[in-house]
Structures are given as C-alpha cells and as structure tokens.
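A.B. asks: just coords:
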C-alpha cells in the first residue's frame, strides 16, 4: 500500500469513530442512489454511506465533470484512489444523508448504532 492509501484509510477510520456514533441513518438501495445522477441531483455512495453532493459539485477542486462521471454510483474506489485531505473527509460528512441497506454494504465499519 502506498502512502496515500494508508492516509485515506486512516482518515476513514478516524471519521468512523465519530460518525459511527450518530443516530440511525436513513437507508437506501443502490437503485435509489442511481436515480440521482445529474448535475442538479447528484448522490454518491462512499464506503456504504450515501451523500447528496449536489451543492458541492461546483466547489469540487477538480470540477463538476469528475463528480458527474460518478453521480448515482458507488464512488468508493475512485474517492479512495485519489489523495483527499482530512478536510475533504470532513466536508464530505456535511453531505451525509444515509447509508446503504445492510444487504448491499461492502464494509463492516458503517453499521448504525
């Protein structure tokens, strides 16, 4: 694993410690998320969590095109493969609207309390 993967993994684990203590989140399926795939309605899944990133698209440092490419999908791999600062992870949490239903989750660290 290279430095950036280790850093992203550490940042994700740190956020799980705080975010994991939130009240139960609304649950969505991947099909639900797939309906939100436009510039004016952009949802993504990252590590089994569902984010409404519509308002962030214009602010993304790499532009809205990269966000639109992954709108309505599970963007975990692309988000993890690109180095993101701790600030990016914190900003991401502002847009959290829910999580995937248990049968569609890929990670063990996202279960609501």
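C.D. replies: Ah, there it is. On a predicted model such as this, the values are computed, not experimentally measured, just so you know.

A.B. asks: surely residue 68 meets residue 39?
C.D. replies: Yes: the criterion here is CB atoms under 8 Å, and residue 68 meets it with residue 39 at 5.8 Å. For glycine as for every other residue, the C-beta is placed from the backbone atoms N, C-alpha and C.

A.B. asks: please enumerate the shared neighbours of those two.
C.D. replies: residue 57 (CB atoms under 8 Å, 6 or more residues apart in numbering).

A.B. asks: in a helix, residue 33, correct?
C.D. replies: Yes: according to DSSP: H, G, I helix; E, B strand; the rest coil, residue 33 belongs to a helix.

A.B. asks: dump the residue contacts of it.
C.D. replies: Residue 33 neighbours (CB under 8 Å, 6+ apart): 43-45, 50, 72-74.

A.B. asks: go ahead and flag the most central residue of the chain.
C.D. replies: Nearest to the centroid of the C-alpha atoms of the chain, with distances taken as CA atoms, centre = their mean, sits residue 46, at 2.9 Å.

A.B. asks: list the contacts of that residue.
C.D. replies: 74-76, 79, 92.
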